[in-house]
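1. predicted model and sequence follow; I will ask about them next.
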Amino acid sequence: MTVETAPRSGLRGRLLPLGVYLLSFSLFAMGSAEFLLAGVLPEVAADIGLSLATAGGLITAFAVGVVIGGPPFAVLSLRWPRRTALVLTQLVFAGAIAAGMLTGGYTALMVTRFVAGVAYAGFFAVAAVTAVGLVPPDRAARASGVVVSGLSLAMILGGPAGTLIGYRVGWEGGFWLVVALTLAGAVAVAVAMPRTAAGTDSDVRRELRAMRRPRLWLVYAATLLSTASYMITFNYLAEILTGVTGVPEMWIAAVLVLFGVGAYIGLAIGGRIADRRPHHALIVGSLGIAGCSVSIALLAEHTIAVVPLVLLLGVAGFVLNPAVYGRVFTIAADAPTLAGATTVSAFQLGISVVPLLAGAALSAGAPSTAVAWIGAGLAALTVPVVLAERAAKGQTV
């Protein structure tokens, strides 16, 4: 990958290059669509005349697009200018979302959600590589953390705001806002992103050879496990808060927003320590998830304990993310594009296994707090995987 950037003399300050923040904004715009659908799913189901369970397939379609779409796109776009790949994926994403709104119908929505997922994964992967190319090596993890912070902002603001708009003007309203913001991001990237040359030094075989490195797959395993460990508790927090803690329904959204606030804080902390001590960030984050999950399970009946624990769970969960990208781009420094795309797929796969694990426990009659115990177990499993990656030999890092 060849990237021409602005002179780096000013990078020693606190701010990163403008391009990094543009990528974060674009990820915020696109990521909002993922969190928005869950909030308006009952309205979508009623509008297209399907059961809630069937309409939930729209969430799955997007997730499948992310999981399987990123790596092939990464290979396809290896020789493209990075700016071209970024703008194209944003345009395809916005077009797919808009097409779903205009055509309507379950089949059309399934197809367009899948296409949007592929485009989202492609943008995410290319954005991470581009952000790293805009900064010196010792700030790579922080730059990745800032880009990923767009996703936590989507969780805090984008999804809830889009849901609110959907309830006021119809469920499509929030998605039209996503389309508008994504197009604005595409224009900003096209105009203000530093010029990137075509990746003439990129080689598909070299990228594929990088994927054979065992340490890389240990990082992917840690990514999957850690993501599932905090998302399984987050996804069922509403049930725990209403059914066990006794929090009034009108306050549920506010408590859930605390998780997103914690995620933003965690990314800020993780981005600052991951470049120097990535394994410390991974282990501390994993242990933090485990501790918060156990505490939520044990103290679920006490509002005064659960509410701050939700914030801390977000912090612990997202402290890991910059370190994950830092390790991936260190291990696969000579071939980061496909490796970065597979990281995005690992994140999404971690989210996708949550319903299976939680469903198995709840269907067996376990209480809702069981999901927190499962999350603690997954976080505990992450620790030996991280230690194994640190101890692994025989690869250049």
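-> Okay, I see it. Numbering: from 1, shown residues only.
2. what's the end-to-end length of stretch 237-249?
-> 12 Å (Cα to Cα, to the nearest Å).
3. for stretch 240-258, that is, sorry about that
-> Stretch 240-258 end-to-end distance (Cα to Cα) = 15 Å.
4. same check, this time on stretch 70-81
-> End-to-end distance (Cα to Cα), stretch 70-81: 17 Å.
5. state the mean pLDDT of it.
-> Averaging pLDDT along stretch 70-81 yields 78.
6. what are the buried residues along that stretch?
-> Judged by neighbour count using 16 or more other Cβ atoms under 10 Å, the buried positions of stretch 70-81 are 70-71, 73-74, 77-78, 80-81. All C-beta atoms are positioned from the backbone trio N, CA, C, and that covers glycine.
7. how far does it sit from the chain's center?
-> Stretch 70-81 sits 19 Å away from the centroid of its parent chain (Cα atoms, centre = their mean, to the nearest Å).
8. can you check stretch 377-390 too?
-> With Cα atoms, centre = their mean as the basis, stretch 377-390 stands 20 Å off its chain's centre.
9. with only the CA atoms kept, save it in PDB.
-> What follows is stretch 377-390, C-alpha atoms only, in PDB (Å, rounded to 0.1, in the frame of the first residue of the first chain):
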ATOM      1  CA  GLY A 377     -16.600 -17.400  30.600                       C
ATOM      2  CA  LEU A 378     -15.900 -16.100  27.100                       C
ATOM      3  CA  ALA A 379     -13.800 -13.300  28.500                       C
ATOM      4  CA  ALA A 380     -11.800 -15.700  30.700                       C
ATOM      5  CA  LEU A 381     -11.100 -17.900  27.600                       C
ATOM      6  CA  THR A 382      -9.700 -14.800  25.800                       C
ATOM      7  CA  VAL A 383      -6.900 -14.500  28.300                       C
ATOM      8  CA  PRO A 384      -5.000 -17.800  27.500                       C
ATOM      9  CA  VAL A 385      -5.500 -17.000  23.800                       C
ATOM     10  CA  VAL A 386      -3.800 -13.700  24.200                       C
ATOM     11  CA  LEU A 387      -1.000 -15.200  26.200                       C
ATOM     12  CA  ALA A 388      -0.600 -17.900  23.600                       C
ATOM     13  CA  GLU A 389      -0.200 -15.200  20.800                       C
ATOM     14  CA  ARG A 390       2.400 -13.400  22.900                       C
END
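10. any chance of the buried residues of stretch 70-81 in CSV, plus distance to Ser26 and secondary structure?
-> Formatted as CSV, the buried residues of stretch 70-81 follow (distance: Cβ to Cβ, whole Å; DSSP: H, G, I helix; E, B strand; the rest coil):
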residue, distance to Ser26, secondary structure
Gly70, 16, helix
Pro71, 20, helix
Phe73, 16, helix
Ala74, 17, helix
Ser77, 16, coil
Leu78, 21, coil
Trp80, 17, coil
Pro81, 16, coil
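11. taking those residues together, which two end up most distant?
-> Pro71 and Pro81 (19.9 Å; Cβ to Cβ).
12. helices of the stretch 1-150 of the chain, residue ranges please.
-> 18-48, 52-55, 57-76, 82-103, 106-133, 140-153 (DSSP state H, counting those that start in this stretch).
13. for the stretch 201-350 of the chain, give me the ranges with low pLDDT.
-> 201-204 (pLDDT under 70).
14. which residues of it fall in helices?
-> 204-210, 214-235, 237-240, 252-273, 278-298, 303-331, 336-352.
15. ok, back up a step: among the helices of the stretch 1-150 of the chain, show me which one is buried the most.
-> Mean neighbours per residue, mean count of other Cβ atoms under 10 Å, is largest over the helices of the stretch 1-150 of the chain for helix 140-153, with a mean of 27.
16. returning to what we had before: out of the helices of the stretch 201-350 of the chain, nearest to Leu381?
-> helix 214-235 (5.4 Å).
17. buried residues in the closest one, which are they?
-> 215-235.
18. just the CA trace of that helix, in CSV.
-> C-alpha atoms of helix 214-235 as CSV (Å, rounded to 0.1, in the frame of the first residue of the first chain):
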residue,chain,number,x,y,z
PRO,A,214,-0.7,-18.8,13.3
ARG,A,215,-0.4,-15.7,15.5
LEU,A,216,-2.8,-13.8,13.3
TRP,A,217,-5.5,-16.4,13.8
LEU,A,218,-4.9,-16.3,17.6
VAL,A,219,-5.6,-12.6,17.4
TYR,A,220,-8.8,-13.4,15.4
ALA,A,221,-9.8,-15.9,18.0
ALA,A,222,-9.3,-13.4,20.8
THR,A,223,-11.3,-10.9,18.8
LEU,A,224,-14.2,-13.2,18.4
LEU,A,225,-14.2,-14.4,22.0
SER,A,226,-13.9,-10.9,23.5
THR,A,227,-16.5,-9.3,21.2
ALA,A,228,-19.0,-12.1,22.1
SER,A,229,-18.1,-11.7,25.8
TYR,A,230,-19.4,-8.2,26.2
MET,A,231,-22.0,-8.1,23.4
ILE,A,232,-23.9,-11.1,24.9
THR,A,233,-24.5,-9.1,28.1
PHE,A,234,-25.2,-5.9,26.3
ASN,A,235,-27.8,-7.5,24.0
